[in-house]
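[1] Take this sequence and fold it.
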Amino acid sequence: EFMKPARNAYPISIFKAGWLLACVLGTAAQADVGPAMSGITARANDASTVFWSPAGITRIEQPELVVQATLVAMDSKFDVEESNRSGGNADSDFKLLPVPGLYYAQPLDQRWTAGVSLTVPSGFGNDFGKTWSGRYLVEESELTFLALTGTLGYELTDQWSIGGGPIIMYTDSTSRARINNLVGSDGRVKLEEDGFGFGWQLGLMYDISETARVGAVYRSELDPDLSGKPDFDNVGPLLENTLKAKGLWEQDIDVDFKVPQQVQVGYFQEFNDDWSFTLDAVWIDTSEFGIQHVSVSDDDVSFPSEFKDAWAFMVGLRHEYRPDLAFSLGAAYMTSPASESKRSLALPLDRIIAVGAGVEWQWKGLEIHTNLNYADLGDNKLDQDGGLAGRVKGSFDRNHAIILDTQIIKRF
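    The predicted structure follows:
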């Protein structure tokens, strides 16, 4: 059995994702986007539209800079219901994640507008601990994206606008797991991977009237070229020989990873002069999420995970109390991109429910927006069998995040 380890026995990479959570959690910059990511498509009132709704860039009337800082506090703990390995529940996992963002828009003439953004559109990570029952499946995983976008918008008519441009995304991933040596203490394995991917986005916006508009955005699939070399430590001699025979000991591993395409549509409506509301829907093609779980098995070194398409829905309400002060509320729901039978500890994704509130005010020529969001990330029930790595069945006892997002807007 040892010479032919079961499939899934020695995970050495994380499932790749994160763009999914950005749509709802608010770990991406929000700027004029409302609480719980409401209004991402049709509100388009500041330079953050360069990233979120490129056709909306034509609404910018003067050069504008948005500097953003988000602090995400995530708290989770996975409880084991059944396992054939010792160790019990995972450790409590609390982390603070700072997320920056920068946007700039510049009108070129009466109809053309250009812009650029540099953002961290998403990040993801879990630290389950070194001694829990699922340590051979995953111990710790981290995943970060950095995106540079360029946008050019054109006002086709007084009602129609179009905009789009390239997306360059850098992806960095680190994952760790324990290795079951069967005899003696556990071994360890770590894999760091990074690479660049190129894609594009295209948006349309239609002004129904002076107080209502609709928008649509398409973002293409991105395929970053990721590779890395696994770093093994304290591996028993028999397993070491097996890994060397399979070419996994000191060989670079290329990971097939795709950020899925997505489509978003939205509606914006003003009423009673100082009130407005927004509706948004986002479809994410996660059934084509070409990610791979890299592991040592009897006849392969990797195999794809299975996801299903995900949908996110957002609603927002804003009240302008006076010209220099406004308040807003938002809520969001995202369907689970993974069924219970297919869910993995390396990337436990479930449905997401988010709510938030925001305030906007002015200070010394600057406009300041602050949103506070709460997100329930679901219990992520799963039953994962990793052969020699063991079986773990359970769910998260707690799994949520609080997101404080602040943007400073300067118009020149």
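[2] low-scoring stretches of the stretch 101-250 of the chain, by residue?
    Residues of the stretch 101-250 of the chain that meet the criterion pLDDT under 70 lie in 121-124, 248, 250.
[3] what about the strands in the stretch 101-250 of the chain?
    Shown for the stretch 101-250 of the chain, the strands assigned by DSSP state E, counting those that start in this stretch span residues 112-119, 123-127, 140-155, 160-179, 187-207, 212-219, 226-228, 231-233.
[4] Include mean neighbour count and distance to Gly266 when you put those strands into a markdown table, please.
    C-beta coordinates here come from the backbone N, C-alpha and C atoms, glycine included. Below are those laid out as a markdown table (neighbours: other C-beta atoms under 10 Å; distance: least, C-beta to C-beta, whole Å):
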| stretch | mean neighbour count | distance to Gly266 |
| --- | --- | --- |
| strand 112-119 | 21 | 18 |
| strand 123-127 | 22 | 24 |
| strand 140-155 | 21 | 16 |
| strand 160-179 | 21 | 14 |
| strand 187-207 | 19 | 9 |
| strand 212-219 | 21 | 5 |
| strand 226-228 | 18 | 32 |
| strand 231-233 | 14 | 45 |
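[5] is it possible to export those to JSON lines including distance to Gln262?
    Formatted as JSON lines, the strands of the stretch 101-250 of the chain follow (distance: least, C-beta to C-beta, whole Å):
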{"stretch": "strand 112-119", "distance to Gln262": "16"}
{"stretch": "strand 123-127", "distance to Gln262": "17"}
{"stretch": "strand 140-155", "distance to Gln262": "13"}
{"stretch": "strand 160-179", "distance to Gln262": "12"}
{"stretch": "strand 187-207", "distance to Gln262": "9"}
{"stretch": "strand 212-219", "distance to Gln262": "5"}
{"stretch": "strand 226-228", "distance to Gln262": "20"}
{"stretch": "strand 231-233", "distance to Gln262": "34"}
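[6] How about Ile167, nearest residue that isn't a chain neighbour?
    Computed as C-beta to C-beta, 6 or more residues apart in numbering, the closest residue to Ile167 that is not its neighbour in sequence is Gly199, at 4.5 Å.
[7] Give me the distance between that neighbour and Leu118.
    16 Å (C-beta to C-beta, to the nearest Å).
[8] what's the answer for Arg188, then?
    Counting by C-beta to C-beta, the gap from Arg188 to Leu118 is 35 Å.
[9] now swap in Met169 and tell me
    11 Å.
[10] Kindly point out which residues are neighbours of both of those two.
    Common contact partners of Met169 and Leu118 (C-beta atoms under 8 Å, 6 or more residues apart in numbering): 146-148.
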